[in-house]
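Trainee: generate a structure from the sequence data that follows.
(2 chains)
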Amino acid sequence: QSVLTQPPSVSGAPGQKVTISCGGSRFNIGADYDVHWYQVRPGTAPKLLIYGFHNRPAGVPDRFSGSKSGTSASLAITGLKAEDEADYYCQAYDSRLSANWVFGGGTKLTVL
Amino acid sequence: QVHLVQSGAEVREPGASVRVSCKGSGFTFIDFYIHWVRHAPGQGLEWMGRINPSSGGTKTAQKFQGRVTVTRDTSTSTAYVEVSSLKSDDTAVYYCVRAKEIWLLESQGSFDYWGQGTLVTVS
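Mentor: Alright, predicted model coming up:
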């Protein structure tokens, strides 16, 4: 069971907006540790999508945006494209000793 | 341009050990934390450990303590992860990842650059 909680799957039609949630606790997101998001396509290495809750690395379209509220974070994707179909993971630092850097369980995005 | 190039796929029997290498280029190797993350089939991403290449200091996820060792060779800008007492559920793709500069607050850093991954099969 992952420390950060994500829905297993979300879906949307091309052009629509989807949101992926990432639930945490007072030991990670609620402790003001930054949340980062990664996109994983089958057979390829993860790619940094959003860092520090809402910042995009160079080359990431502004259709991708991130936010935080309390002990949760969210990734929003607007204007869905077929190429967005992938797995998405949130990640943060956790102050407990068992694992310092933690990931969500991942969310499979299906573009209908 | 930042590159992390990992060693090739490995097959091991249960109980054996495996060492995966990760050679960095395009940046000053000793200035950036290197982490190891694995992705098992049908599972999520899992953080294993990290090294400060300058000091050699490491942190390891509690789950892997005693079984996973992270090291580096600064002369070749290469990081290593060794996993011992392999079990079938250690079958996964292992990634090395470059994070933030060692003088920044590492708890806030993201995993910026990823190696191509190394498939380790335990069978």
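
Trainee: show me what the lengthiest strand in chain A is packed up against.
Mentor: Under DSSP state E, the strand in chain A containing the largest number of residues is strand A:86-93. Applying 3 or more C-beta pairs under 8 Å, 6 or more residues apart in numbering or on different chains; DSSP states H and E, we find strand A:86-93 packed against strand A:18-23, strand A:35-40, strand A:72-77, strand A:101-103, strand A:107-111. All C-beta spots, glycine's among them, are computed from the backbone N, C-alpha and C.

Trainee: contact residues of chain A facing chain B?
Mentor: A:2, A:33-34, A:36, A:38, A:40, A:45-48, A:51-52, A:57, A:89, A:91, A:93, A:97-106 (C-beta under 8 Å from any C-beta of the partner chain).

Trainee: filter these down to the buried ones.
Mentor: A:2, A:33-34, A:36, A:38, A:40, A:45-48, A:51, A:89, A:91, A:93, A:99-106 (16 or more other C-beta atoms under 10 Å in any protein chain shown).

Trainee: the residue positioned nearest the centre of chain B and B:Phe111, how far apart?
Mentor: Closest residue to the average C-alpha location of chain B: B:Trp36 at 2.8 Å, with C-alpha atoms, centre = their mean. For B:Trp36, the distance to B:Phe111 equals 11 Å [C-beta to C-beta, to the nearest Å].

Trainee: who touches both of these two?
Mentor: Common contacts of B:Trp36 and B:Phe111 (C-beta atoms under 8 Å, 6 or more residues apart in numbering or on different chains): B:Val97.

Trainee: so what strands line up beside the strand or helix carrying B:His35?
Mentor: Taking DSSP states H and E as the criterion, B:His35 maps to strand B:32-39. Next to strand B:32-39 in the sheet, as set by DSSP bridges, lie strand B:45-51 (antiparallel), strand B:92-101 (antiparallel).

Trainee: right, I'll leave it there.
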